[in-house]
Structures are given as structure tokens and as C-alpha cells.
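> what would the 3D arrangement of this be:
(one chain, ligands or ions: 1)
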Amino acid sequence: MLTRRHFIAGAAATFAAPAIIRAQTVFRAYPFSLGVASGDPSPDGFVIWTRLAPQPLEQHGGMAMAPMEVSWEVADDEAFRNRVAQGQAVARPELGHSIHVEVAGLQPDRPYWYRFQVPGERSIHGRARTLPLAASSPERLSFGVCGCQSYPDGYYTAHRHLAEEELAFVYHYGDYIYEYRGGPTRRGRAGELIVAVREVAGDTLYSLDDYRRRYAQYKADPDLQRAHATHAFFHSFDDHEIADNWTQDTDWDEIPPEIFRLRRAAALQAWYEHMPVRRALMPRNGEVRMHRAVRVGNLAEIDILDTRQYRSNQPCRDGFTPVCQEIEAANATILGAEQEAWLARNLQRNQARWNCLAQQIMMMSIDRNNWDDSGRVLNMDTWAAYETPRRRLLARMAGLNNVVVLTGDEHQNFAGLLHDRDRAVAVEFVATSISSGGDGSDRREGSERILASNPQIRFINDQRGYLTCDVTSDEWRTNYMVVDRVSTPGGSLSKRATLAMAHGEVALREV
Ligand SMILES: [Fe+2]
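Now for the predicted structure:
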């Protein structure tokens, strides 16, 4: 039981000011209602995360506006008989009472278990694997890829199945939340009516508290909590963590950049607060240095990219629109100069058997016109609309014959080839959504035409789910895991396809 004495004893260590702790600041409900998470694993540790929110949808998550001490522990067994690390962290109101602990000093390539405690209450326990040592030669790597989890669009059945997989970690490419207004229905971009299968609280998100509340509702989902409690995640953000199709300091509506930056700063703070990421990703002056490299022994290097924060504005008025001259703009950029140079360096060093780019938007240039013969239509929010930096990057991949690009954003599964002029230089696996877009079907209307006009695409599917990648030194296999429905709970999982690339040969075959 949590007593007033316990509470004061816990709180007193955290601040010297004569703050008044009243009896009603004691939790009225379970404070670990948002579960636990781990992320950014390294060979000697990972981040463990939680956020105190006894009443997730209420103001401040139901917390008193005071810092609170939380203890944490890490064990090398599930029963917590052998604790290998422990400590105290302060959940601060400045960070929405979230906790990020960077655990270090652990052994490489093995599972650990962690949990949090406040007086009288304990979190569920989570599991996280450390990575193998950079100098080691792992025989294989299996990891998951997921993202695009609109809460009103469907249940998180795919997360529930993801939690059953045996994986080293999961890469989440973003669209962790969607900033749209809640309600039983909403209008899509073409004015179409979209009916919610479950209702999200709140209006369109603008303030830090708005974003926090949206994360709290998403994170209260038990299937999502299960995936986080089972696997460490590497997170990146895409557009809907902030606003639809934003780039740099511009959003879809092109409001003045100095105003958009205020919203972006609030959204990025909430993103940091809710993701198990390292302190290096804490926002500074409203910006997050999110791109980072992950080494899995000498088997793979995974470069996690940020395709939003430094990108020039979408050309040709954005959206799915006919090609215009602007897509050839010489000064266009996706990654910005610094990140692009960093990625070029990593590819040039070519230190691992496989080079993997984990990122958000489709890199293949695909003609989206599946309705008439009026000409080429591009999704202006993809690499296809930024031909100069796209060609520059593909040219850097030429000759490596070990590059795999992982992508999200499309709400459809794709597999295909990337070309530098006529030469295939990399493969791209596009992961569908966890829930965004609803149930879907094997082939979306118009897919046959997309396949016919885009021979670089080898696979297309429009169901919800996630990817698992099985990597050995000789072969990269990507499994397209799909669920039969998300509109009601309990959907069943199947492996829709497996596509493989042999090391040293840029080609795809269906296994
Ligand atoms: Fe999305």
C-alpha cells in the first residue's frame, strides 16, 4: 500500500524546495498504465522507459505537478532472482513524468528483464536483448519492421502477433500516432468518409498537452504494450507524429514557418517523452538529431534516417500529382547536407556484410497513375519527387551489392529493385501498416496496373501487418506477415510472402 509517509520519503530526495505534498497526490489508479518499453540496444545495454500516468486521458495523466522518484531494476532472469543493475530515476513534470534510463555494463547478445517501482506499485516487466559486439561475427539476425498505427483505423492485432516473434529488436519507422481530430468519422484527403473502428480522444493536435494525451491513449493499448514489453525498439518519426506531410519547417497548409516550428517543437518533445530513445535524441532548440547507425557485429550496419527534418518542401504542389519540372530541382534535398555526408561516409566505409537503410518514404520511383493514360503521376512525398538527391544516393550504392532499403509510409507492402541508371543497385522492402487504412485486401484496386507500368516492383499487397527480416551472411530474407483483419479484434496472422536477396547479387526472388 502506498502511504503518505512513503510518498514523502520518495519525493523528498528529489527536491529540496519546501514543496507541499498533499494527500490527494497519492495515485488514484495504477501509475504504470502506459506499460514499459526498451529501445536503442547496444552491445552493453539499452534504454528502459516508462511514464507515470494513473489517468492517461486526464490532464497531466492524472499526476501531481511535482517530480517523483521511480526505482528500476534489470535482471538476467525473468524471475528477477539475479539483479544485474538497479537505480533511481526522477519522473519530472517537465517531461510528462516519463523516465528514460540508459542501462549500461551488460553482456552482449543476450536477453535481460527490467521493471519499475514506485512506493506500493510495480510495473509489468519488459524484456530486451543486447546487441552482439561490433567485432563479432553473428551467424544470423532476425528483426522486425513496423509502423503506421492509426488507432481509429484498426486494432493492434499485428502488434500482438509481433510480440510472439523471436526477434533481436524491432525497427519502427514512424506514424506512431496520427495528429487528426478524433471522432467516429473523418474525411480523407479526397474527401472520402473514413469510419473509425475505435474512437480517439481529442481534437487535432497542436499543444504539448494535446500530443501527450494522444500518445497516452495509443500507449494504453494492451497489444502495443505487449510488443514493447517483448522487444527493444529502434524508433524514428515520420510525418504524423507532427503533422501530415511536413518537411523541415513547413506543413501541408504552408503556414508561416516560425509558427509551424512552435508546433513541431511541442510534437518532438512529446515524441521524445514517449519513445525509449537515448538522451542524445532529446530535443534541443526544437530539433532532434534522430539519424543514427546501428552495428550488428560484422553482419549488418543499419543506418536509421530522418527524411523529414532537413528535407526541402515537396515539389509540384505535393500529393499524388502529375510530374512537373520541379522534381529535377538541383538544390532539392531529402537528408540535408550533414546527414547525407554521414550516410555517404557509412556506405563508403562498407564495414559490415550488409548495408541497410531504415527510413520512412519510398525510394523507388513509381508511376502512381492507375486510372488513365494522361501521363506519369508521382507521390510527391517520396524520394521520386527529389530526383537530384535520389540519383546521388543510388550512385553511392553502385558496386556495393549489399544494400537493403527498408521503408514505411505507404500503408501497403511492396518489394522491388532500385536502379542507378540501368543498373540495379539495391533492393527495397516497403512494410505495410499495423492498422492505418483498415482491413485492406490482397490487392488494392488498380494494383495490376501499377505492377504493369512499374516493372521494378516484384511484390505488392494491401493487408495490414509487419515485416520480419532474417539475415545471414549469404542471404537477406524479408517475410511479409499479414493479418486477415483489424476492424475487429482477434485477427489471424499468416506469412503472405518471403522475398530474398543473395549477398553480392542485386536481385529478388520469391522463396
Ligand atoms: Fe502512415
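
> mind jotting down where the helices sit in this structure?
Counting by DSSP state H, one finds helices in the chain at the ranges 4-12, 157-162, 208-219, 222-230, 257-274, 336-349, 387-397, 447-453.

> verify the stated contact: I302 with F169.
No - using Cβ atoms under 8 Å, I302 makes no contact with F169, being 9.5 Å away. Glycine gets a C-beta too; all of them are placed from N, C-alpha and C.

> before we move on, the earlier item: return the most buried member of the helices of the chain.
Among the helices of the chain, the stretch with the highest mean neighbour count (mean count of other Cβ atoms under 10 Å) is helix 157-162, at a mean of 24.

> pull the CA atoms of that one into CSV?
The C-alpha trace of helix 157-162 is given here as CSV (Å, rounded to 0.1, in the frame of the first residue of the first chain):
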residue,chain,number,x,y,z
THR,A,157,-3.6,-7.3,-33.7
ALA,A,158,-0.4,-7.1,-35.7
HIS,A,159,1.5,-5.9,-32.6
ARG,A,160,0.0,-8.8,-30.6
HIS,A,161,1.5,-11.2,-33.2
LEU,A,162,4.8,-9.3,-33.4
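
> which residues touch it?
Helix 157-162 has contacts (Cβ atoms under 8 Å, 6 or more residues apart in numbering) with 144, 146, 149, 170, 221, 223-224, 226-227, 230-231, 434-435, 464-466, 481, 483, 485-486, 489-491, 493.

> hmm, try it at 6 Å
Residues from elsewhere that reach helix 157-162, judged by Cβ atoms under 6 Å, 6 or more residues apart in numbering: 144, 223-224, 227, 434, 464-466, 483, 486, 491, 493.

> can I get the residues you listed in JSON lines with distance to Q339 and pLDDT?
Putting these into JSON lines (distance: Cβ to Cβ, whole Å; pLDDT from 0 to 100) gives the following:
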{"residue": "G144", "distance to Q339": "25", "pLDDT": "99"}
{"residue": "D223", "distance to Q339": "33", "pLDDT": "98"}
{"residue": "L224", "distance to Q339": "29", "pLDDT": "98"}
{"residue": "A227", "distance to Q339": "28", "pLDDT": "98"}
{"residue": "I434", "distance to Q339": "27", "pLDDT": "98"}
{"residue": "R464", "distance to Q339": "31", "pLDDT": "98"}
{"residue": "G465", "distance to Q339": "29", "pLDDT": "98"}
{"residue": "Y466", "distance to Q339": "26", "pLDDT": "98"}
{"residue": "V483", "distance to Q339": "34", "pLDDT": "98"}
{"residue": "V486", "distance to Q339": "34", "pLDDT": "97"}
{"residue": "G491", "distance to Q339": "38", "pLDDT": "98"}
{"residue": "L493", "distance to Q339": "36", "pLDDT": "98"}
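
> nearest to the ion among the residues you listed?
Of all these, the ion sits closest to I434, with 9.4 Å by Cβ to the ion.

> contacts only, for that closest one.
Going by Cβ under 6 Å, 6+ apart, I434 touches 146, 149, 158.

> number of nearby residues for the residue lying closest to it once chain neighbours are set aside?
Among residues not flanking I434 along the chain, Q149 sits closest, at 4.0 Å (Cβ to Cβ, 6 or more residues apart in numbering). Look at Q149: counted by other Cβ atoms under 10 Å, it has 28 neighbours.

> distance of Q149 from the ion?
8 Å (Cβ to the ion, to the nearest Å).

> hmm, that residue is touching G437, no?
No - in this structure, Q149 is not within contact of G437 by Cβ atoms under 6 Å, at 11.0 Å.

> around the ion, pick out the residues from this protein.
Residues of the chain found near the ion (Cβ under 5 Å from the ion) are 148, 175, 436.

> lowest pLDDT pick from the residues you listed?
Of all the residues of the chain next to the ion, S436 has the smallest pLDDT value, namely 95.

> so what's the closest residue to the ion within the stretch 301-450 of the chain up against?
The ion sits closest to S436 of the stretch 301-450 of the chain, with a gap of 4.7 Å, by Cβ to the ion. Contact analysis of S436 by Cβ under 6 Å, 6+ apart lists 148, 150, 153, 411.

> can you list the domains in the protein?
When the chain is parsed with automatic domain parsing, its domains come out as 4-129, 140-510.

> okay, how far is it across stretch 196-209, tip to tip?
Terminal residues of stretch 196-209 lie 23 Å apart, using Cα to Cα, to the nearest Å.

> report the buried residues of that stretch.
For stretch 196-209, the neighbour count (16 or more other Cβ atoms under 10 Å) marks 196-197, 200, 202, 205, 208-209 as buried.

> rewinding a little: out of the helices of the chain, the one nearest V118 is which?
helix 4-12 (6.8 Å; Cβ to Cβ).

> mean pLDDT lowest where, among the helices of the chain?
Going by mean pLDDT, the lowest-scoring of those is helix 4-12, which has a mean of 37.

> what is the top strand by length along the chain packed up against?
Ranked by residue count, the top strand of the chain under DSSP state E comes out as strand 457-472. Where contact means 3 or more Cβ pairs under 6 Å, 6 or more residues apart in numbering; DSSP states H and E, strand 457-472 is packed against strand 140-146, helix 157-162, strand 413-420, strand 440-441, strand 475-483, strand 493-502.

> tabulate those (TSV), appending distance to P111.
Putting the helices and strands packed on strand 457-472 into TSV (distance: least, Cβ to Cβ, whole Å) gives the following:
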stretch	distance to P111
strand 140-146	14
helix 157-162	16
strand 413-420	29
strand 440-441	34
strand 475-483	22
strand 493-502	23
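
> quick revisit: lowest average pLDDT across the domains of the chain?
Lowest mean pLDDT of these: domain 4-129, a mean of 87.

> how far off centre is that domain?
22 Å (Cα atoms, centre = their mean, to the nearest Å).

> repeat for stretch 202-221
Using Cα atoms, centre = their mean, the offset of stretch 202-221 from its chain centre is 17 Å.

> now what about that stretch, what contacts it?
33-34, 53, 56, 61, 96, 151, 156, 177, 179, 181-182, 201, 263, 266-267, 269-270, 274.

> what's the first-to-last distance across it?
Using Cα to Cα, the end-to-end distance of stretch 202-221 comes out at 17 Å.

> how about stretch 89-101?
Taking Cα to Cα, stretch 89-101 runs 7 Å from one end to the other.

> what is the neighbour count of the residue in the stretch 1-150 of the chain that the ion sits nearest to?
Taking Cβ to the ion as the measure, the stretch 1-150 of the chain has C148 as its residue closest to the ion, at 3.5 Å. Per other Cβ under 10 Å, the neighbour tally for C148 reads 26.

> just give the nearest non-adjacent residue to it, would you?
For C148, ignoring the flanking residues on the chain, the nearest one in space by Cβ to Cβ, 6+ apart is S433 at 3.4 Å.

> is it true that the one you found touches C146?
No - with contact defined as Cβ under 6 Å, S433 does not reach C146; the gap is 8.4 Å.

> higher neighbour count, those two?
Looking at S433 and C146 with other Cβ under 10 Å, you find the greater number of neighbours at S433, namely 29 against 25.

> okay, and the beta partners of V101?
For V101, the beta-bridge partners are I48 (DSSP bridges).

> contacting residues around it?
V101 sits next to 48, 72, 89 when contact means Cβ under 6 Å, 6+ apart.

> strands along the stretch 101-250 of the chain, start to end?
111-118, 121-122, 126-129, 140-146, 170-172, 185-187, 193-195, 232-235 (DSSP state E, counting those that start in this stretch).

> leaving out chain neighbours, which residue sits closest to T157?
Spatially, and ignoring its direct neighbours in sequence, T157 is nearest to G491 (4.2 Å; Cβ to Cβ, 6+ apart).
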